[in-house]
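[1] Sequence plus predicted model, see below.
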Amino acid sequence: FQLPLIVHSGVDGESIDRIIDIIQDEIHKISYDPIVHFEVISKCKLILHDAITACNGSIDRLKKLIALDFYFMVSAIDTSMRNNQESLNILRSIPLNKLLVCTDSPWNTPVTITDEFIRNAKNEPSNIPYVIDSIWDAYSNQNESIDSNSLMNIEQFRANIYENSMLVFGFHGSNIESND
């Protein structure tokens, strides 16, 4: 299977704009044929790490990345992001089938962890459930972009993220199962 390309970008917005330009240029070098273009994009999994910060509040940047078939990795939504409408708009505009999560260890321990000792410790991979809960809370709170025909809940949200991870990292269709 093909490994994904994980892109880390600066917070200035210009870095991600340059990355978009480079990827578009590379795709055009491969082929001008739209069918080949689609096949190249569909085989190469592109992931934007810390997507909310990298988009720097720009829905236009996010739309360009969506058009390039990026996946978007999001870590715990901290208090400052909860109060920042631009950040919430970016989060809520990420298609659910393109959403991935990370802990961003050892930083960004979720502020929603009720255990004070864990909340004040370095972040670690075992905090992924808290990260997902944090993102769900911010994502679902007054989010009109969730399909009104589906009554998505936290369990479906978790399952969606799990499936996205299996697909992106090459385990889709394998015998690996969730521990639920």
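    All right, it came through fine.
[2] Spell out which strands sit alongside the longest strand along the chain in the sheet and which way each one runs.
    Among the segments of the chain that qualify as a strand by DSSP state E, the longest is strand 70-74. When pairing is defined by DSSP bridges, strand 70-74 lines up against strand 46-48 (parallel), strand 99-101 (parallel).
[3] how far is the first one from where the chain is centred?
    Shown here is strand 46-48, whose average C-alpha point lies 8 Å from the average C-alpha point of the whole chain (C-alpha atoms, centre = their mean, to the nearest Å).
[4] Which SSE is immediately downstream of it?
    Note on strand 46-48: by DSSP states H and E, the next helix or strand toward the C-terminus is helix 51-55.
[5] follow-up on the earlier one: got the CA positions of the longest strand of the chain in PDB?
    Only the C-alpha atoms of strand 70-74 are listed here, as PDB (Å, rounded to 0.1, in the frame of the first residue of the first chain):
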ATOM      1  CA  PHE A  70      -6.600  16.300   1.600                       C
ATOM      2  CA  TYR A  71      -7.400  14.600   4.900                       C
ATOM      3  CA  PHE A  72      -7.400  16.900   7.900                       C
ATOM      4  CA  MET A  73      -5.700  16.000  11.200                       C
ATOM      5  CA  VAL A  74      -7.100  17.800  14.200                       C
END
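[6] hmm, who's touching it?
    Contact with strand 70-74 is made by 4, 6-7, 45-52, 62, 65, 91, 94, 98-102, 135, 164, 168, as judged by C-beta atoms under 8 Å, 6 or more residues apart in numbering. Bear in mind the C-beta positions are built from the backbone N, C-alpha and C, glycine included.
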